[in-house]
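# kindly return the folded structure for what I paste below:
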Amino acid sequence: MKKSIRALVIFVLAVTAYSHPAFAVVYSLPAANSRLVGENIEITVPQESKLPLEAFAAQYQMGLSNLMEANPGVDVYLPKPGSKLIIPQQLLLPNAPREGIVINSAEMRLYYYPKGTKTVVVLPIGIGELGKDTPVDWTTTVHRKKDGPTWTPTKKMHEEYAARGEVLPAVFPAGPDNPMGLYALYIGRLYAIHGTNANFGIGLRVSHGCVRLRSEDIKWLFDNVPVGTRVQFINQPIKASVEPDGSRLIEVHNPLSETEEQFNSRAPVPLTITPVVSKVVSDASVDTAALEATLKARSGMPTKINGAAADNAPEAPIAVPETEDAMPAEEPMTPVMPEGASEAAPQAEPATVDAAAPTVDTVEPASANENTTFVAPVQPGPIYEHSATAVPAKAAAQAMKKAVTTSS
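Predicted coordinates for the structure are as follows:
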């Protein structure tokens, strides 16, 4: 079955890999006792390419950090023409309920589990700068949604910009030049999941605490995520799983810097082995050398750490053939405006709260006319099937999309 699934994925990737400038990655959910989904793919940078890594990250629905971890030493400004790039689309689901939205700051990914679909949509994000961190260990809900949000910088933000000789307007009106983009989902009292007016910053720490997505991604979330949806923030640089076949897998990302010293140092940020991860890696079957190598590499890709040493290398990625239209679309660079945490309450500057341990907010349930039907992303990329018994993700998505179309 695994070989047939892999063959199907190869076919889908060969057909769709270069047919869209960007696409969401949809996975069918594995069994409750499994976390592994997807397949890594490998592309060739076109010989005539003069584009930065961000162009390829956007085309394959990745953040910059995802590609940099999977391709150590890659030139961020100009990946070498003819070189290979691994696109890390295989991953372990986070250790969190498969419900609503789960945001893992450490890997800079947002997971959305649409109700009743047995699927998960994975989107790359940008998060808060050091000292203006995105919350962790916090569960809240989507309080409201806004088509065309405005942004009101706080007094502190005005002071920061004034110190650099720059002037911020009192209010940024809604529109394409707004740093929050065209859509926003407000969560809690101080934060938002929103778009951007720039074409880079995804997979980076660039905001004043909010969660930033590319324009197509926030539009899709806005259209599909109902008010009242559960939102959980986590910080899991190491994800681990014991799969049904006995394989022990870990996926290691670079932890977020917590101090200026760590941020400015060339030394890697120390990793912490949590009790959940310890249960997976402390088994007698674990190959110590494989474990240490994986913790050192921090590739952001699931790696087997038990069994024969020869079996512990990462699974070879699926090679996607280069085509004439393989070049990502080039866009002019635009400045990043590090919007702040006042977005969710533009009427007044909010009181400071402890983002490290916020309280759980309560909101009214979604209204009766709220659209809660899952619609597949307009530009679906690889839609990974986990098993023959699982609800086929592509078929389910297409059926629901047709139902919405005929009922509207």
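# check which residues of stretch 49-67 are buried.
Using 16 or more other CB atoms under 10 Å as the test for burial, stretch 49-67 gives 49, 51-67. (Glycine included, C-beta is placed from N, CA and C.)
# could you list which of those belong to helices?
53, 54, 55, 56, 57, 58, 59, 64, 65, 66, 67 (DSSP state H).
# neighbours of the closest residue to residue 65 other than its chain neighbours, how many?
Using CB to CB, 6 or more residues apart in numbering and skipping residues adjacent in sequence, the residue nearest residue 65 is residue 203, 4.1 Å away. Residue 203: 25 surrounding residues under other CB atoms under 10 Å.
# touching, residue 203 and residue 107? I think so.
No: using CB atoms under 8 Å, residue 203 makes no contact with residue 107, being 9.4 Å away.
# got any residues that touch both of those two?
65, 66 (CB atoms under 8 Å, 6 or more residues apart in numbering).
# show me what contacts the spatially closest residue to residue 62 that is not a sequence neighbour?
Using CB to CB, 6+ apart and skipping residues adjacent in sequence, the residue nearest residue 62 is residue 124, 5.6 Å away. Residue 124 is in contact with 57, 61-63, 66, 108-110, 202-203, 213-214, 217, counting by CB under 8 Å, 6+ apart.
# tell me the two of these that are most distant?
57 and 110 (15.0 Å; CB to CB).
# what's the first-to-last distance across stretch 49-62?
19 Å (CA to CA, to the nearest Å).
# next: stretch 216-231.
20 Å.
# next: stretch 100-119.
Using CA to CA, the two ends of stretch 100-119 sit 11 Å apart.
# buried ones in that stretch?
Under 16+ other CB under 10 Å, the buried positions of stretch 100-119 are 100-114, 117-119.
# would you reformat the ones in helices among the buried residues of stretch 49-67 as JSON lines and include pLDDT?
Formatted as JSON lines, those follow (pLDDT from 0 to 100):
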{"residue": "53", "pLDDT": "91"}
{"residue": "54", "pLDDT": "89"}
{"residue": "55", "pLDDT": "89"}
{"residue": "56", "pLDDT": "92"}
{"residue": "57", "pLDDT": "89"}
{"residue": "58", "pLDDT": "87"}
{"residue": "59", "pLDDT": "89"}
{"residue": "64", "pLDDT": "87"}
{"residue": "65", "pLDDT": "89"}
{"residue": "66", "pLDDT": "92"}
{"residue": "67", "pLDDT": "94"}
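# tell me where the stretch 51-200 of the chain has strands.
84-87, 91-92, 100-104, 109-113, 119-124, 127-128, 138-147, 183-187, 191-194 (DSSP state E, counting those that start in this stretch).
# that older thread, how much space between the residue nearest to residue 62 and residue 158?
30 Å (CB to CB, to the nearest Å).
# kindly report the same for residue 185.
26 Å.
# the two: which has the busier surroundings?
residue 185 (25 against 15).
# check what pLDDT that one gets.
Looking at residue 185, its pLDDT is 88.
# which ones are touching the residue nearest to it when sequence neighbours are not counted?
Spatially, and ignoring its direct neighbours in sequence, residue 185 is nearest to residue 193 (4.4 Å; CB to CB, 6+ apart). Residue 193 sits next to 101, 110, 142, 184, 185, 187, 210, 211, 213, 218, 221, 231 when contact means CB under 8 Å, 6+ apart.
# quick check: bridge partners of the fifth one?
Same thing as residue 185. residue 145, residue 193 (DSSP bridges).
# lowest confidence element among the helices and strands of the protein?
Least confident element among the helices and strands of the chain, by mean pLDDT, DSSP states H and E: helix 393-407 (a mean of 37).
# just checking, residue 218 is part of a helix?
Yes: according to DSSP: H, G, I helix; E, B strand; the rest coil, residue 218 belongs to a helix.
# all numbers from here: first residue = 391
Right, with 391 as the first residue, what we last looked at is residue 608.
# that one and residue 544: what is the separation?
22 Å.
# contacting residues for the residue nearest to residue 455?
Contacts of residue 593 by CB under 8 Å, 6+ apart are 447, 452, 453, 454, 455, 456, 457, 458, 498, 514, 515, 516.
# again, but for residue 697
Residues in contact with residue 697, defined by CB under 8 Å, 6+ apart, are 637, 675, 677.
# redo that, cut-off 10 Å
635, 636, 637, 638, 675, 676, 677, 680 (CB atoms under 10 Å, 6 or more residues apart in numbering).
# and the third one, how many neighbours?
Read it as residue 637. By other CB under 10 Å, the burial measure for residue 637, its neighbour count, is 18.
# per-residue pLDDT of it, please?
Reported pLDDT for residue 637: 95.
# need the nearest residue in space to it, chain neighbours excluded.
Counting by CB to CB, 6+ apart, the residue nearest residue 637 is residue 694, at 5.2 Å.
# ok, the contacts of residue 593 vs residue 474, which is closest?
Of these, the one sitting nearest to residue 474 (CB to CB) turns out to be residue 457, at 12.0 Å.
# mind listing the residues bridging to residue 639?
Going by DSSP bridges, residue 639 forms beta bridges with residue 631, residue 694.
# now it: how far from residue 697?
11 Å.
# what is the end-to-end distance of stretch 465-478?
Start-to-end, stretch 465-478 (CA to CA) is 17 Å.
# give me the buried positions along that stretch.
So stretch 465-478, judged by 16+ other CB under 10 Å, has buried residues 469, 475, 476, 477, 478.
# dump the residue contacts of the residue nearest to the first one when sequence neighbours are not counted.
When the adjacent residues along the chain are set aside, residue 469 lies closest to residue 435, with 4.9 Å between them (CB to CB, 6+ apart). With contacts defined as CB under 10 Å, 6+ apart, residue 435 is in contact with 441, 443, 446, 464-465, 468-475, 712, 716-717.
# quick check, nearest of those residues to residue 687?
residue 464 (14.4 Å).
# the closest one reaches residue 470, doesn't it?
Yes: in this structure, residue 464 is within contact of residue 470 by CB atoms under 10 Å, at 8.2 Å.
# and residue 476, what's its pLDDT?
95.
# make that residue 420, sorry
96.
# number of nearby residues for it?
22.
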